[in-house]
Structure formats: structure tokens, C-alpha cells
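Visitor: Structure, please.
(one chain, ligands or ions: 1)
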Amino acid sequence: MDEVDIAIVGAGAAGLAAAEVVEASGLSGLLLEARDRLGGRAHTIHSALGPMDLGCAWLHSADKNPLVARVEALGLTIDKTPPPWANIADTPVFSPARRAEFGAAFQALDARIESVAAEEGPDRPVSDLMDAGSRWTPLLNAFSAFYNGAEFDQVSLRDYAAYEDTEVNWRVAEGYGTAIARLAPRGLPTRLDCPVSLVRHDGPRLTLETSHGVVAARAAVICVPTTVLATGALRFLPALPDKLDAAAGLPLGLADKVFLRLDTPDMFPPETQVYSDPLSTATGAYHLRPLGRPMIEVFLGGAHARSLEGEGSGAAAAFAVDGLARVFGEAVRGKVHVIAQTAWAGDPFAGGSYSHALPGHAGARAVLAAPVDQRLFFAGEACSPNFFSTAHGAWMTGQAAGAAAVASLI
Ligand SMILES: Cc1cc2nc3c(=O)[nH]c(=O)nc-3n(C[C@H](O)[C@H](O)[C@H](O)COP(=O)(O)OP(=O)(O)OC[C@H]3O[C@@H](n4cnc5c(N)ncnc54)[C@H](O)[C@@H]3O)c2cc1C
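Guide: Sure thing, here's the model as predicted:
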């Protein structure tokens with residue numbers, strides 16, 4: 001049996017940050033990862049057209065994001081071009097006048113959320129504050145599907161209001177996933193293809209049951225997505241019902257991507273966005289020619305993305321091409337080619353894209369993040385109080401949990 005001071009479960013952004021802290025402490029550590037790669041929901045794949053981020057792509061709140069300096073120190077390229085959602089293209093169905101109307105509806109909802117969140121009172125779904133009769137409610141829900149991975153009726157108002165967004169968004173030209181994987185500490189033993197199924201904490205040492213045998217540890221940092229805890233794919237003995245409840249209250253919403261290669265890139269303005277149907281929640285958001293490359297990245301979110309993913313391979317891609325033809329005309333069909341697509345809901349080690357708190361569960365992040373007996377520590381994007389759902393939020397919780405685990409042993 002392997003014996004270490006600190007075992008870290010999950011090698012996404014949170015787990016890698018915790019691993020870095022453990023390595024620097026001089027204590028012995030072991031990083032256990034279910035996949036055959038590092039990075040988790042940070043994953044860049046490479047194509048002749050350039051890198052493609054299947055998961056996180058944007059350094060959100062970049063002016064406060066600690067990963068910006070880390071990415072620069074790796075020698076990678078930070079691109080500061082404004083995001084496409086700040087540069088929506090003119091289309092017949094989404095004219096400047098309609099965009100202004102939508103912008104006003106968005107701001108009005110934001111103001112209502114801020115004012116209600118500032119008052120005492122019970123948590124509620126954000127949808128309680130929406131004007132059901134407005135023509136812009138479907139697109140506001142589409143925004144929520146992209147931003148939260150779920151429509152506003154499933155989103156806690158207090159949790160949503162707690163998210164800190166400075167609206168500065170940068171990219172890593174070589175891929176955010178590339179950067180996260182390169183931040184892995186070189187000296188800490190790491191075991192890939194090694195899912196952990198049970199953490200026993202009923203004896204003097206923790207024991208972690210993995211597909212490659214049992215690991216004993218004095219402390220552990222658990223950095224897996226909430227779905228993995230809520231479904232029991234990773235269990236604890238004795239059981240931790242508070243953690244299970246917290247994880248169930250913080251499900252992973254869904255965002256999927258489809259990448260299209262363009263034969264005639266010049267017909268699409270670079271670094272702009274269009275919606276296939278700005279009057280529907282079941283719309284795609286098309287990022288035209290990211291970084292000027294001859295491709296389009298199509299973003300699908302919420303129930304719509306879940307239903308396309310459920311229809312099986314090809315449905316999201318077909319929707320993406322149909323939507324493009326709707327905006328740019330039937331002639332585009334022969335000029336675009338699907339080169340990659342994601343299915344994060346079906347991914348057994350993610351089960352979705354990023355966490356949102358269900359209405360009434362705004363307090364769940366603190367419950368999930370709380371240590372147990374000063375030897376089980378928890379990290380991951382869902383544990384972040386204000387940068388949840390992001391890679392930098394995950395990183396920061398991993399650093400904090402790693403430091404707490406080290407402190408508990410020295
Ligand atoms: C499509 C999409 C777009 C996104 N866009 C952005 C964005 O632009 N900007 C941004 O900041 N964030 C974005 N995110 C969110 C961001 O990717 C995540 O919040 C962040 O990467 C989560 O890191 P984590 O360490 O908490 O979890 P993960 O990255 O999920 O890491 C958890 C690790 O645990 C492993 N694991 C699971 N089960 C077990 C087990 N039983 N035993 C051992 N290991 C296990 C997993 O394989 C995984 O490697 C996006 C995500 C998606 C899917």
C-alpha cells in the first residue's frame with residue numbers, strides 16, 4: 001500500500017493548485033486522477049487551424065485573475081481582444097435597435113437582482129424577477145444557459161449575485177487548457193487513469209480505494225466536480241451527508257461547443273458574435289473567427305444543449321450548421337465543416353460544465369468547502385464563494401485547501 005502525507009484527488013485546476021502547494025511544502029504527496037490526462041474541464045486540443053479549448057477558454061475577471069501572471073510566466077501569449085459578446089454583429093433579426101432593447105432588458109434585470117439581493121429575505125430563483133411577457137425573456141434565459149449552464153428558474157438569486165465579474169476577459173492564444181496542464185508541478189508523483197471510488201476516514205489514517213489499489217494518507221484534498229460526489233461515484237465512509245446535500249444543491253449546468261472550419265473565412269467578420277435565433281432560448285451563440293482563425297466556435301447552453309447532447313452524436317453539429325445557414329444563407333452549408341464537438345454532460349468524470357446553485361442553496365458552497373476533522377479538505381470551482389464556475393476560482397480554492405492540508409500536518 002502507498003503511504004503519503006497528502007493525497008490529492010482530481011487533477012483539474014483545483015487539484016493542480018493543491019498539488020503545487022503540497023510539493024512546495026516538502027511533505028509527501030500523491031495526485032490521483034481518473035482521466036488519462038491532466039486539466040479536467042480545462043482541455044485544449046490541437047488542429048491545423050490552431051488550438052481549440054473544449055472547456056474553459058476565457059480568463060474571466062482577468063484584472064483580478066491570478067492565472068494571468070502564471071500564464072505569462074509560462075511564456076504563453078495573453079490575447080486581450082475584447083470578447084465576441086461585446087461585439088455582436090448586425091443581422092436582420094438582431095438589428096442595432098433590437099440589440100439596444102435587449103441591452104435595456106438585461107440592465108433592468110441586473111438592477112432588480114442587485115436590489116433584491118441587497119435586502120434581507122429568503123433566496124429565490126432569478127426567474128422570479130423576470131418579466132414573463134417580455135419578448136426578451138427567452139434571450140435572457142439563453143444568456144443564463146450560457147453563463148450558468150441553466151435557465152434562470154434553476155439559478156439561486158443570492159448565489160448569482162455573489163459572483164464577481166469585472167467584465168475583463170482575456171484569452172490564452174495557445175489555449176487555456178494548455179496553460180492549466182503546464183502548471184502541473186513536475187516533482188509530485190501523479191497517477192493517471194486512477195479513479196478513486198472510496199475515501200475511508202474511520203481510522204487513524206485515511207485510506208483511498210483506487211482502481212490501482214489502496215493509498216493511505218494523513219490528509220486528503222478532494223478536488224472532483226460536484227456530480228462525482230452527488231452521484232456517489234466517489235463515496236466516503238463514514239458517509240458525509242452534508243457534503244452530498246451541498247453537492248446536489250450545486251449541480252453542473254451544461255455548456256457544449258461545436259467547432260466549424262471555414263472554407264471562405266472572409267465572409268465572416270472576425271471576433272464577432274451572432275445568435276442563430278435571438279428570440280429563442282434554444283439559440284446558439286456563434287463566435288466568428290476567434291483570434292482571426294478560419295473557424296467558428298458555437299456555444300450551446302442549458303436545457304437546449306442537454307437535449308441536443310441527449311439526441312446523440314451529430315445533433316448539436318447539425319443544429320450548429322442549420323443556425324449558421326439561418327443567419328448567413330443556405331450557401332454557407334457546403335463551406336463549413338464540423339471539426340470538433342463536446343459532450344460534457346456525458347463525460348463520466350465531469351457530468352456537466354460548471355456549477356450553479358439551485359434556488360435556496362446559496363449557502364451550499366461554504367458547506368462543500370468546509371474541511372472535515374482537519375484532514376479531509378475540499379476544493380474545486382463549486383467551492384469558490386465568488387469566482388465559482390471558473391478555472392481561476394477552482395485554482396484559488398485548490399491553493400487554499402492545499403495550504404490548509406499542509407498546515408494541518410505541521
Ligand atoms: C464548455 C466549457 C466552457 C467553459 N468556459 C470557461 C471559461 O471560459 N473560463 C473559465 O474560467 N471557466 C470556464 N469553464 C469552467 C472551468 O473549465 C471549470 O470551472 C474548471 O476547469 C474546473 O476545475 P476543477 O478543478 O474544479 O474541476 P475539474 O477540471 O473538473 O477537475 C476535476 C478532476 O477530477 C477528476 N476526477 C473526477 N472523478 C474522479 C475520481 N473519482 N477520482 C479521481 N479523479 C476524478 C476529473 O477527471 C478532473 O480531472 C468552462 C467549462 C466548460 C465545460
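
Visitor: my read: residue 294 touches residue 260, true?
Guide: No. Counting by Cβ atoms under 8 Å, residue 294 stays clear of residue 260, with 9.6 Å between them. Where you see a C-beta, it was placed from the backbone N, CA and C, and this is true even at glycine.

Visitor: Counting neighbours, go ahead and name the busier of those two.
Guide: residue 260 (24 against 17; other Cβ atoms under 10 Å).

Visitor: Pretty sure the more buried one sits against residue 293.
Guide: No. At 11.0 Å, residue 260 does not count as touching residue 293 under the criterion of Cβ under 8 Å.

Visitor: Give me the common contacts of residue 294 and residue 260.
Guide: Here residue 294 and residue 260 have no joint contacts, going by Cβ atoms under 8 Å, 6 or more residues apart in numbering.

Visitor: now the strands: where do they sit in the stretch 301-410 of the chain?
Guide: For the stretch 301-410 of the chain, the strands defined by DSSP state E, counting those that start in this stretch cover 336-341, 354-355, 376-378.

Visitor: The residue nearest to residue 279 when sequence neighbours are not counted: what's it in contact with?
Guide: Nearest-residue entry for residue 279: residue 138, 6.2 Å, with adjacent residues in sequence omitted and distances by Cβ to Cβ, 6 or more residues apart in numbering. Under the criterion of Cβ under 8 Å, 6+ apart, the neighbours of residue 138 are 279-281.

Visitor: The ligand next: which of those residues are close?
Guide: Filtering the contacts of residue 138 for proximity to the ligand by Cβ under 6 Å from any ligand atom leaves nothing.

Visitor: Which of these are buried, as a ChimeraX select command?
Guide: Filtering the contacts of residue 138 down to the buried ones (16 or more other Cβ atoms under 10 Å) takes a single ChimeraX command:
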select :281
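
Visitor: Name whatever forms a beta bridge with the residue nearest to residue 206 when sequence neighbours are not counted.
Guide: When the adjacent residues along the chain are set aside, residue 206 lies closest to residue 217, with 4.8 Å between them (Cβ to Cβ, 6+ apart). On the basis of DSSP bridges, residue 217 is bridged to residue 4, residue 206.

Visitor: confidence score at residue 94?
Guide: Listed pLDDT for residue 94 reads 95.

Visitor: picking up where we left off before, if I look at residue 260 and residue 293, which residues touch both of them?
Guide: The contact sets of residue 260 and residue 293 do not overlap (Cβ under 8 Å, 6+ apart).

Visitor: For the stretch 101-250 of the chain, just list every one of the strands.
Guide: Counting by DSSP E, counting those that start in this stretch, the strands of the stretch 101-250 of the chain are 170-172, 190-191, 196-200, 206-210, 213-222, 235-237.

Visitor: Minimum distance to residue 36: which of those has it?
Guide: strand 190-191 (11.0 Å; Cβ to Cβ).

Visitor: Just checking: what are the partner strands of the closest one?
Guide: Strand 190-191 is paired, per DSSP bridges, with strand 29-32 (parallel).

Visitor: Parallel or antiparallel, which strands does the next helix or strand after the partner strand pair with?
Guide: Next helix or strand after strand 29-32 toward the C-terminus (DSSP states H and E): strand 44-47. If you go by DSSP bridges, strand 44-47 pairs up with strand 50-53 (antiparallel).

Visitor: Now do the same contact list for the nearest residue to residue 370 once chain neighbours are set aside.
Guide: Once flanking residues are discounted, residue 370 sits nearest to residue 378: 7.3 Å by Cβ to Cβ, 6+ apart. Residues in contact with residue 378 (Cβ under 8 Å, 6+ apart) are 221-223, 243, 368-371, 401.

Visitor: Quick check: of these, which lies closest to residue 51?
Guide: residue 223 (24.4 Å).

Visitor: tell me the phi and psi of that closest one?
Guide: phi -130, psi 40 (degrees, to the nearest 10).

Visitor: Spit out the contact partners of it.
Guide: Contacts of residue 223 (Cβ under 8 Å, 6+ apart): 8-12, 14-15, 18, 378-380, 394, 398, 401.

Visitor: Residue 136 now?
Guide: Applying Cβ under 8 Å, 6+ apart, the residues contacting residue 136 are 101-102, 105-106.

Visitor: Can you lay out these as CSV showing pLDDT?
Guide: Shown next, in CSV, are those (pLDDT from 0 to 100):
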residue, pLDDT
101, 97
102, 97
105, 97
106, 97
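
Visitor: how far away is residue 250 from residue 176?
Guide: The gap separating residue 250 from residue 176 is 22 Å, by Cβ to Cβ, to the nearest Å.

Visitor: Also residue 111?
Guide: Per Cβ to Cβ, residue 111 is found 32 Å from residue 176.

Visitor: likewise residue 351?
Guide: 20 Å.

Visitor: okay, those two: which has more neighbours?
Guide: residue 176 (27 against 20).

Visitor: List the contacts of that one.
Guide: Neighbours of residue 176 in contact, by Cβ under 8 Å, 6+ apart: 42, 44, 53, 55-59, 391.

Visitor: got the contact list for the longest helix belonging to the chain?
Guide: As assigned by DSSP state H, the longest helix anywhere in the chain is helix 96-118. Residues from elsewhere that reach helix 96-118 (Cβ under 8 Å, 6+ apart): 88, 90, 94, 124, 126, 129-131, 134, 136-137, 139-140, 143, 157-158, 160-162, 278.

Visitor: hmm, try it at 10 Å
Guide: For helix 96-118, contacts defined as Cβ atoms under 10 Å, 6 or more residues apart in numbering pick out 88-92, 94-95, 123-124, 126, 128-131, 134-137, 139-140, 143-144, 152, 157-162, 275, 278-279, 362.

Visitor: How is the protein divided into domains?
Guide: 2-80+171-251+357-409, 84-163+255-341 (automatic domain parsing).

Visitor: Identify whichever of those lies nearest to residue 347.
Guide: Nearest of the domains of the chain (Cβ to Cβ): domain 2-80+171-251+357-409, 8.6 Å.
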